[in-house]
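Asks: Sequence first, then the predicted structure:
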Amino acid sequence: MSTSSFDYLLARIRQAISGVNTNMRPCISPEEKLLVTLRYLATGCSFTDLHYNYRLGISTIRSIVEKVCDALWDVMKMECFPEPTTEMWLNITEGFKSRANFPHVLGALDGKHVRVIKPSLTGSLYYNYKHYFSILLLAICDSNYKFIYVDIGAYGKCSDSTVFPDSIFYQKLQDGTLNIPNSSAITGITNPEPYFFIGDEAFNISDKVQRPYAGHHLNYTKRVFNYRLSRARRYIECAFGILTHKWRIFQRPLNVNRNLSIKIIKACCILHNFVRERHGVDFKDILYMNNETEGIVNIPIDNNCRGSTSAAVIRNNLADYFVNENTLPWQSKYA
C-alpha cells in the first residue's frame, strides 16, 4: 500500500476511529491505530508482538484492531462493494469474455475455509472435513480478482451447496433485484442465453449458476467445456491466493473470538478490493499465491447437486459452442 493510499484510507475512517483526550493521558492517534491494524493483518504477528513493538497493552491492541476493522467495513463497504448495476455486470462479462474466452459470466463463485481456533461452546459446528476448525468465506469475484460479494461467518462444517442458497445475495438473485442483464444472443447459438455465475461441482447447476459436467468418462465436448469453465473459474482461486499472500494473518489460525474473526476477514476483503482498485495486480501476487494458501482451504464437493433441465440445456449449448464457433487452438491439448 502506498503512502497516498494510506492517507486516503485514514481520511475516510479517521472520524470513526478517533478518540478523546483526557486529563490523565492523550488518546492514541488515528494514524497509529490504522498502522497497528494494518501491520497485524499484513504480517500475521500476534497481539503480544505488537505489544512489544508499539508499547501498547495487549487488550488495547485487541480493542484497536476490532475498532479499525469495524470502521473499514462500515465506512468503505459501499466504495469497495458497490450496489451492482446492469452496466457493471456487462463490464464484468466483457472481462471474462476477453480474458477467459467464456461469454455471459457475471462472476466466479467459490467458498474457502479460514482457519480459526475453536470458538468456545460450539462443539463441532466449526470442525470441517479437513479436521480443523474454520469459518466459511463465500465469495464472488470478477476477472480483475476483485470481490463482488462476500458472505462470511458460516460454520466450518457447512458446504457451498448449503451456504449459498441461504445467503442474502442468492435471495436477491432469485428475486431479480440485482439488475442482471436480460438474456442476449451469443454468436453461433440460436437462442438468446441468460447471464450466469460459474462455480465448481459443489454448487447446484441452475439458470443462474453453471458448473462442470460430473464424471470421469466424458466425451470430448464435455471435457472441453470443463476445461473452459476451469479457465474462467481460476479467477476466484487467484483472488483467494492474492488475499492470503497480501494479508498474512490468514497464514495461521485466527486466535481470537468468533466475532472478531469475522470482522478481521471482512476488513481484509475490503483492503483486498481497495488495493486492487488503486494499485492493480502485482505479478508477484500471481507468482507466489499458489504456494501460500495454507490458511484458506477449498470446500468439499457435494456430488448430490442436481439442477434444472433448462440449465442443462444452456450448458450443452455452450459446450457445443466451444467446439464449433469458439474453438481455442490449444483446448484439445488440455481437455
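Replies: Received it, and whenever you're ready, just let me know what you need.

Asks: contacts, neighbours, all on C-alpha from now
Replies: Will do.

Asks: Quickly find the element holding residue 48.
Replies: helix 47-54 (DSSP states H and E).

Asks: What's the first helix or strand after that helix?
Replies: helix 58-80.

Asks: Can you mark which positions in that next one are buried?
Replies: By 16 or more other CA atoms under 10 Å, the buried positions in helix 58-80 come out as 58, 61-62, 64-73, 76-77, 80.

Asks: roughly how far is that helix from the heart of the chain?
Replies: 19 Å (CA atoms, centre = their mean, to the nearest Å).

Asks: repeat for stretch 70-83
Replies: Taking CA atoms, centre = their mean, one finds stretch 70-83 lying 15 Å from the centre of the chain it belongs to.

Asks: And the strands in the stretch 51-200 of the chain, which stretches?
Replies: 105-115, 134-141, 147-155, 196-198 (DSSP state E, counting those that start in this stretch).

Asks: angle of the second one against strand 147-155?
Replies: Yep, that's strand 134-141 we're talking about. 160 degrees (axes from the mean of the first three to the mean of the last three CA atoms, to 10 degrees).

Asks: Packing partners of strand 134-141?
Replies: Helices and strands touching strand 134-141, by 3 or more CA pairs under 8 Å, 6 or more residues apart in numbering; DSSP states H and E, are strand 105-115, strand 147-155, helix 220-246.

Asks: returning to that earlier point: any idea which of the strands of the stretch 51-200 of the chain is most buried?
Replies: strand 105-115 (a mean of 28; mean count of other CA atoms under 10 Å).

Asks: returning to that earlier point: with distance to residue 210 as added columns, please give the strands of the stretch 51-200 of the chain in JSON lines.
Replies: Converted to JSON lines, these look like this (distance: least, CA to CA, whole Å):
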{"stretch": "strand 105-115", "distance to residue 210": "9"}
{"stretch": "strand 134-141", "distance to residue 210": "13"}
{"stretch": "strand 147-155", "distance to residue 210": "17"}
{"stretch": "strand 196-198", "distance to residue 210": "5"}
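
Asks: Now distance to residue 53 and mean pLDDT too, for those strands, in a markdown table please.
Replies: Below are these laid out as a markdown table (distance: least, CA to CA, whole Å; pLDDT from 0 to 100):
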| stretch | distance to residue 53 | mean pLDDT |
| --- | --- | --- |
| strand 105-115 | 26 | 95 |
| strand 134-141 | 29 | 95 |
| strand 147-155 | 31 | 94 |
| strand 196-198 | 45 | 96 |
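
Asks: Which strand residues bridge the residue most central in space within the chain?
Replies: For the chain, the residue nearest the mean C-alpha position is residue 139 (3.4 Å; CA atoms, centre = their mean). In this entry, residue 139 is beta-bridged to residue 110, residue 150, by DSSP bridges.

Asks: Nice, that's everything, thank you.
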